[in-house]
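Trainee: Sharing a model prediction with you, sequence too.
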Amino acid sequence: MESANLVLRTVDGVINDSRQTSITWAIDLRTLLGDMYDRYDKFNLILDGVSILSTVNTFGATQNDLMLNINISGLPFINQTYDVRRNINTYRAILAPIKFVKDNSLSYDYSGEYFLTFGKSQDICNLRIDLNRIDNGDIFGTSALPHCNYYFHIIGIPNSDNKQLTPPERMDNNRGFLK
């Protein structure tokens with residue numbers, strides 16, 4: 001299956017608030033996706049892994065400060081931005097949980113289990129990642145976030161022509177056909 005790889009490094013992004021709340025990257029989707037950009041209208045942004053450089057002693061005051069959700073915004077996500085607490089759709093989606101460990105470098109292998117579906121609406125997007133505490137949803141902002149690399153791949157979702165799926169073909173969570 002054709003895919004595009006995307007690595008977002010915190011050192012390459014635009015840092016907001018001294019890296020305490022979020023980091024933003026300008027992404028040219030047409031260039032990144034190549035021919036897939038014209039062939040598909042919807043895509044899955046699939047998280048493969050995250051590598052974290054050693055966190056400093058001041059990172060997080062409590063264990064709850066170290067358990068975070070990876071939030072992402074900047075793409076027109078489809079049916080994945082509902083905020084239960086406020087009963088509205090928002091501009092961002094929770095992608096995956098992550099746990100930081102003080103004074104340790106870590107790598108997480110998400111094996112493509114976490115993904116978000118987005119539609120094509122513009123060539124250039126400002127992809128933003130911010131981290132929120134799992135326990136209360138507050139934006140993490142007590143100290144600078146450690147440098148991270150976020151590893152993704154993107155696949156196109158075949159345009160629907162009202163074709164009914166019958167065995168042995170079936171969809172694997174919109175990631176493509178299983179054989």
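Mentor: Good, I have the coordinates. Numbers count the residues shown, from 1 in each chain.
Trainee: Need the contact partners of stretch 81-99.
Mentor: By C-beta atoms under 8 Å, 6 or more residues apart in numbering, the surrounding residues in contact with stretch 81-99 are 47, 50, 66-73, 77, 80, 108, 110, 113-114, 116, 128, 130-132, 134, 137. Yep, even glycine has a C-beta here, placed from its N, CA and C like the rest.
Trainee: at 7 Å what do you get?
Mentor: With contact meaning C-beta atoms under 7 Å, 6 or more residues apart in numbering, stretch 81-99 is reached by 47, 50, 66-73, 77, 80, 108, 110, 114, 116, 134.
Trainee: Mark which of those residues are buried, thanks.
Mentor: Burial by neighbour count, 16 or more other C-beta atoms under 10 Å: within the contacts of stretch 81-99 this picks out 47, 50, 66, 68-73, 77, 108, 110, 114, 116.
Trainee: As a check, name the ranges of all helices in this structure.
Mentor: For the chain, the helices defined by DSSP state H cover 29-33, 36-39, 63-66.
Trainee: Just send the ones you listed back as TSV, with distance to residue 1 and mean pLDDT too.
Mentor: Output for the helices of the chain, formatted as TSV (distance: least, C-beta to C-beta, whole Å; pLDDT from 0 to 100):
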stretch	distance to residue 1	mean pLDDT
helix 29-33	14	97
helix 36-39	11	95
helix 63-66	35	71
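Trainee: And the lowest mean pLDDT element among the helices and strands of this structure?
Mentor: strand 170-171 (a mean of 48; mean pLDDT, DSSP states H and E).
Trainee: Wait, residue 157 touches residue 43, no?
Mentor: Yes - contact criterion C-beta atoms under 7 Å: residue 157 and residue 43 qualify, at 6.4 Å.
Trainee: So the two - more neighbours on which side?
Mentor: Applying other C-beta atoms under 10 Å to residue 157 and residue 43 shows that residue 43 carries more neighbours, namely 25 against 18.
Trainee: The more buried one: what's it in contact with?
Mentor: Neighbours of residue 43 in contact, by C-beta under 7 Å, 6+ apart: 118, 154, 155, 156, 157.
Trainee: Recalculate using a threshold of 6 Å.
Mentor: Contact analysis of residue 43 by C-beta atoms under 6 Å, 6 or more residues apart in numbering lists 118, 154, 156.
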